[in-house]
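Visitor: what follows is a predicted structure for the sequence shown.
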Amino acid sequence: MTINADLRILSRATSAAIAPQVAPTGAGILHLGLGSFHRAHQAMYTAAAIQQSGGDWGIIGASSRSRTIVDAMHAQDFLYSVATISPAGTSLAIPGVHTDAFVAAEQPERVVTHLADPRIRIVTLTVTENGYSYSPATEHLDLDDPIVRADVQGGSPRSTIGQLARGIQARAAAGGEALTILSCDNLASNGTHTEKLVREFLHALPGGDAADALALLDRSVAFPSSMVDRIVPSTTPQLRDEVAALLGAHDRIPVPGEPFTMWAIEDRFPGGRPDWEAGGAVFTSEVGRYEQMKVRLLNGTHSLIAYLGALRGVGTIPEAIGIPRIEDAARTIMRGEYEPSVEVPSGVDVRAYEAELFDRWSNSALGHRTSQVGSDGSVKLRQRIPEPAMLALDAGRMPHLIALTVAGYLSCLAPLPGFDPGVHAASMTDPARERLAALSASARDGDELARRVIGERQLFGADLAHQDAFIARVGALVDTIHRHGVDAAISDAVSAVEESMLEKNLTTTKEGRR
């Protein structure tokens, strides 16, 4: 697509085809993690809230390390477009809610300063599961992490948890106004988890340094949990061209997103909050159930689709789910292995939710990449598979497709010598890739690799580390993938689940006749 070179850069002075939704009068929110998801999700809800009810709920955005978004935001008067993409076409919106942006790694003291400012009443976070500096094995703050250790010792904090804790210290010293810290990352009970890590950081400080901060935490700092959901793929040059043509202005940082969006939040905001209901947010006491439903039915199944698709040689989720074998595996794991572990939120039709998931994954216009969904599996799968796997194992059932998910992950990220998982698997990033590669380099077969990773290294937690039958099943599926191909492994796992379900139905029928 050819774009007119005379088009101006998007700004509040530019006559674009789409006007910004709002122009905040002030900033009441600090956001850590200025990535695409935040800009397509929380920012859109905040724009709807300000548009309906007003308020000084502008957002100061802090990028973790990259200057790309920050520089573009400054050049564009903190504007960007959100492109909602479906097979029916693309529609644009410009939230217009950000008032400033900076790089936290370059100015860590600014995070602390903003946290001390009484005008900031909410801190939201999308720093990914990796950004919380905790040990997956212990689920406690990783005080052996050199960055966390340096933050505890003093100076400008560089870890997210260190920044929050030091900011609360500064806020306590400045008068101690009420504050809400709202995690929007895919962590179980993310509010409770974040509070625990902040408290552990403060308790690690010497002497009585943390006394005032801990008192403020007890008195007027809330950590509500939330569940967020919207598929937000990577921005492509093609999207920038399409947005420029629709907008009539150049936007360096447009964000693509699917039409579906959801936000479930505990309503605990001692300093007040925007009317996010205007954007469709649900305030509920059942965030944990929404979280279970999303992390397992959506995210768990999504991971399986990504690994099987990458191993099949396809680059996008719609292509992968369009392969009948993969669709069959996805439907089977969702219904047979994840759904029994989920307490569905009140008023939610789980069958309609599941049907909508397959529609979302089939959105060919969106082009969500298998390599993007499959990245960071060492952290993501730790949140998604252990509990449903253990529930099945404790009930005497082998979760064959959860085992296939792990086998697909290991085949993509740590293939045995001589096996090439393909370019899409090679594009996946993971903090454990180097360690996993070292384990696979000398492994004789899938069983040895699975025992090293799941058993000895406990990559997916202590409970699964002691499940020898599950580990052996993963290893056997790794060998099937490597020796006979991913289709053979899918057939093996799906057939085993179907046989198990048939045996269960026969047993139930016999018992009913007695």
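Guide: Structure received.
Visitor: only C-alpha atoms for contact and neighbour calcs from this point on.
Guide: Noted.
Visitor: and the residue lying closest to Arg171 once chain neighbours are set aside, how many neighbours does it have?
Guide: Spatial nearest neighbour of Arg171, excluding adjacent residues (Cα to Cα, 6 or more residues apart in numbering): Ala116 at 3.9 Å. When neighbours are defined as other Cα atoms under 10 Å, Ala116 has 24 of them.
Visitor: Ser303 now?
Guide: Based on other Cα under 10 Å, the number of other residues close to Ser303 is 26.
Visitor: would you mind measuring from the closest residue to it other than its chain neighbours to Pro270?
Guide: Nearest-residue entry for Ser303: Gly374, 6.0 Å, with adjacent residues in sequence omitted and distances by Cα to Cα, 6+ apart. Per Cα to Cα, to the nearest Å, Gly374 is found 38 Å from Pro270.
Visitor: and for Ile59?
Guide: According to Cα to Cα, Ile59 and Pro270 sit 18 Å apart.
Visitor: grab the nearest non-local neighbour of the residue sitting nearest the centre point of the chain.
Guide: Of all residues in the chain, the one closest to the mean position by Cα atoms, centre = their mean is Asn186, 4.5 Å from it. Once its chain neighbours are removed from consideration, Asn186 has its nearest residue in Glu129; the separation is 6.6 Å (Cα to Cα, 6+ apart).
Visitor: what about Ile59 and Pro270, which has more around it?
Guide: Each of Ile59 and Pro270 has its neighbours counted (other Cα under 10 Å); Ile59 has more, 27 against 16.
Visitor: the more buried one reaches Gly96, doesn't it?
Guide: No: contact status for Ile59 versus Gly96: not in contact, 9.5 Å apart, counting by Cα atoms under 8 Å.
Visitor: before we move on, back to that, how deep is the residue nearest to Asn186 tucked in, by neighbour count?
Guide: When neighbours are defined as other Cα under 10 Å, Glu129 has 16 of them.
Visitor: and if you look at Ala488?
Guide: Quick note: Ala488 (other Cα under 10 Å) scores 15 neighbours.
Visitor: tell me the pLDDT of the closest residue to Ala450 other than its chain neighbours.
Guide: Setting aside the residues directly before and after it, Ala450 is nearest to Gly475 in space (Cα to Cα, 6+ apart), at 5.2 Å. The predicted structure scores Gly475 at 98 on the pLDDT scale.
Visitor: distance of Gly475 from His482?
Guide: 11 Å.
Visitor: what do you get for Phe260?
Guide: Between Phe260 and His482 the distance is 37 Å, computed by Cα to Cα.
Visitor: between those two, which one's more packed in?
Guide: Between Phe260 and His482, counted using other Cα under 10 Å, the more crowded position is His482 (22 against 13).
Visitor: can you pull the phi/psi pair for that one?
Guide: For His482, the backbone dihedrals are phi -70, psi -30 (criterion: degrees, to the nearest 10).
Visitor: I figured it was touching Ala414, is that so?
Guide: No: distance between His482 and Ala414: 11.6 Å, which falls outside the contact criterion (Cα under 8 Å).
Visitor: so Ala425 sits in a strand?
Guide: No: counting by DSSP: H, G, I helix; E, B strand; the rest coil, Ala425 is not found in a strand; it is helix.
Visitor: helices of the stretch 351-500 of the chain, residue ranges please.
Guide: Ranges of helices within the stretch 351-500 of the chain are 370-374, 377-384, 386-394, 400-413, 423-426, 433-441, 446-450, 462-465, 468-484, 486-513, based on DSSP state H, counting those that start in this stretch.
Visitor: what's the most buried one of those helices?
Guide: Comparing these by mean neighbour count (mean count of other Cα atoms under 10 Å), helix 400-413 ranks first with a mean of 28.
Visitor: contacts for that one, please.
Guide: Contact with helix 400-413 is made by 303-304, 307-308, 310-311, 329, 332-333, 337, 374, 377, 385, 389, 421, 425-426, 428, 430, 433, 436-437, 470-471, 473-475, 477-478, 481-482, 489-490, 493-494, 496-497, as judged by Cα atoms under 8 Å, 6 or more residues apart in numbering.
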